[in-house]
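[1] predicted model and sequence follow; I will ask about them next.
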Amino acid sequence: GVSGFDFVHPEDIEKVQTLFVQLLRRPRRIQTMVLRVRHRANRWRVLEASAVNLLADPRVEGIVIVCRDVTERKQSETDLRQAYKEAKRTTRTQLGKLQRADKYVQAEVRQRQRAEVALRECEAQLRALNCQREQLEAQLPRISGSASELRSAISVVRIQLEAALAHPEQVDWRKLGPTL
């Protein structure tokens, strides 16, 4: 004959044997486990099994095992765990990109703020220069008048000097000196 243990996956056989020993030692106590068993064409299926020792019950006189195929559920759980890991990795990657973009934007904002401060300083300097220009322009007529008076005085001195140089014998140089 064929033993039920022959269908159990080699990696699960030890835990199935341990469970079986526990069933024999503890009648009427339900034991549960998940195990892999060989199916047609040597494919492995995942079963969720509950077993109880009813050898002492005269109506049963055996071990009752109820199995449910949970292969698809286990595969879905595996797929879900993998999708979660991938989503977590993608989230970390995207978060890293967002953090780098945030640093870039913050640096850009700081640079623009510095440029705005510099621009305001330049505007203030320009206003000050315009104010000085206006003050100078306001003084221009007075300066022009003074320049005209100065030119007149220089012309008088020049005429006197030219006359003195043209006729040096007629000039009293002592009197002329203080007037120059």
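    Perfect, thanks for sending it.
[2] and the residue nearest to Thr32 when sequence neighbours are not counted, what's its pLDDT?
    Nearest non-adjacent residue to Thr32, counting by CB to CB, 6 or more residues apart in numbering: Ser50, 4.8 Å away. Backbone N, C-alpha and C define where each C-beta goes, glycine included. On the pLDDT scale, Ser50 is placed at 95.
[3] tell me how far Ser50 lies from Ala83.
    Using CB to CB, to the nearest Å, Ser50 is found at 30 Å from Ala83.
[4] which one's more surrounded, the two?
    Using other CB atoms under 10 Å as the criterion, Ser50 and Ala83 rank with Ser50 on top: 13 against 10.
[5] who touches the helix or strand harbouring that one?
    Element membership of Ser50, judged by DSSP states H and E, is strand 44-54. With contact meaning CB atoms under 8 Å, 6 or more residues apart in numbering, strand 44-54 is reached by 9, 19, 23-24, 26-39, 60-71, 74.
[6] hmm, back to that, how far away is the residue nearest to Thr32 from Leu19?
    From Ser50 across to Leu19, the span is 11 Å (CB to CB).
[7] list residues touching both of these two?
    By CB under 8 Å, 6+ apart, Ser50 and Leu19 have these common neighbours: Gln31.
[8] so Leu80, which state does it fall into?
    Classification of Leu80 by DSSP: H, G, I helix; E, B strand; the rest coil places it in helix.
[9] count the residues that sit near it.
    Neighbour count for Leu80, taken as other CB under 10 Å: 10.
[10] where's the residue nearest to Thr32 relative to Gln106, distance?
    Applying CB to CB to Ser50 and Gln106 gives a distance of 59 Å.
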